[in-house]
Structures are given as structure tokens and as C-alpha cells.
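I'd like to go over a predicted model; first the sequence, then the structure.
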Amino acid sequence: MIIPCLRYRRALAAVEWLGKAFGFEKQFVHTAADGEVEHAQLILGQGMIMVGPARDNEFGKLLRQPGELGGFVTQSIYVVVPDPDAVHTRARAAGAEIVKEPIDQPYGGRDFTCRDPEGHVWTFGSYDPLSINQAGS
């Protein structure tokens, strides 16, 4: 099992936005005394991500936020969804920056790509590489 972990400057706002824009549900959220998220586990379908605060600690010094890199990212997240067009509509309504409109892929499936408010890049698509019934297999 692989669970992506994302760090946000405003982790609480990110947890709320990820639910509104993409449909993530809170499985577990631990907050500090000030109400800010220390650690969150969010689920979508059978997948999970973990969200935490961007900090200047030992681990945090290994990471850079997209805003610190001129908006560039070094990795992105692909999320398998049954209806990428519906997620696209929801994400756009929540203010996601759409960087690639929905498109059918020649290898199968349909997807779109967007940025969240802190610049992380997400692709939502119907292509499921774990399925044995994909085109080209």
C-alpha cells in the first residue's frame, strides 16, 4: 500500500478544501491546541492521503512547497475516479486552477489536471492501471 503525504502551509484550510473540491472525506484529523491540523487522513473511494503542516523541522527541511519553487512541483498525484468530468466540475467550482481540461487519452481513460490553492498538482482520471481490462494490455 502506498499513501501519499502532502504538506500545506495552511493544513486546516487544505483539508476543508480537498473535501469541497475533490470529495475527500475525513477519516482522522488530529489538531493542535490552536485548532491547526497536525495530521489528517483523508479518503476518497479506496484511496487515502495524509495531510500535515509544512514546517521547518528535520523532515520539513527535505521538502519545498510549490510556492517556494516558482509554482513548480517535482511530483504529482493521480487519482482514479469513475467520472473525471464530474470531479472537474466540482474542482472548478471550488476554485481549482485547471491546467489541463478533460481529455480522452489514447491509452484509455479520460482525465484532467489542476492545482490546489497551495500549488500541488493533481490529475483525476478514469484510467485505472491496476485493472486487468485496460486498453493495450
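Received, thanks. Numbers count the residues shown, from 1 in each chain.

Any figure for the gap between the residue nearest the centre of the chain and residue 3?
Taking Cα atoms, centre = their mean as the criterion, residue 122 is the residue nearest the geometric centre of the chain, at 5.1 Å. The span separating residue 122 from residue 3 equals 15 Å under the rule Cβ to Cβ, to the nearest Å. C-beta: built from backbone N, CA, C; applies to glycine.

So which residues make contact with the longest helix along the chain?
In terms of residue count, the longest helix belonging to the chain (DSSP state H) is helix 11-22. With Cβ atoms under 8 Å, 6 or more residues apart in numbering as the contact definition, helix 11-22 has outside contacts at 6, 8, 24-26, 29, 31, 35-38, 40, 42, 44, 49, 51-54, 79, 87, 90-91, 93-96, 116-118, 122, 124.

List the buried residues in that helix.
Neighbour counts over helix 11-22 (16 or more other Cβ atoms under 10 Å) mark 11, 12, 14, 15, 17, 18, 21, 22 as buried.

by how many degrees do the next helix or strand after that helix and helix 11-22 diverge?
Secondary structure here is assigned by DSSP states H and E; on that basis, the next helix or strand after helix 11-22 toward the C-terminus is strand 25-31. Compare the direction of strand 25-31 with that of helix 11-22 by axes from the mean of the first three to the mean of the last three Cα atoms, to 10 degrees and you get 170 degrees.

tell me which strands and helices strand 25-31 is in contact with?
Packed against strand 25-31 by the contact rule (3 or more Cβ pairs under 8 Å, 6 or more residues apart in numbering; DSSP states H and E) you find helix 11-22, strand 37-44.
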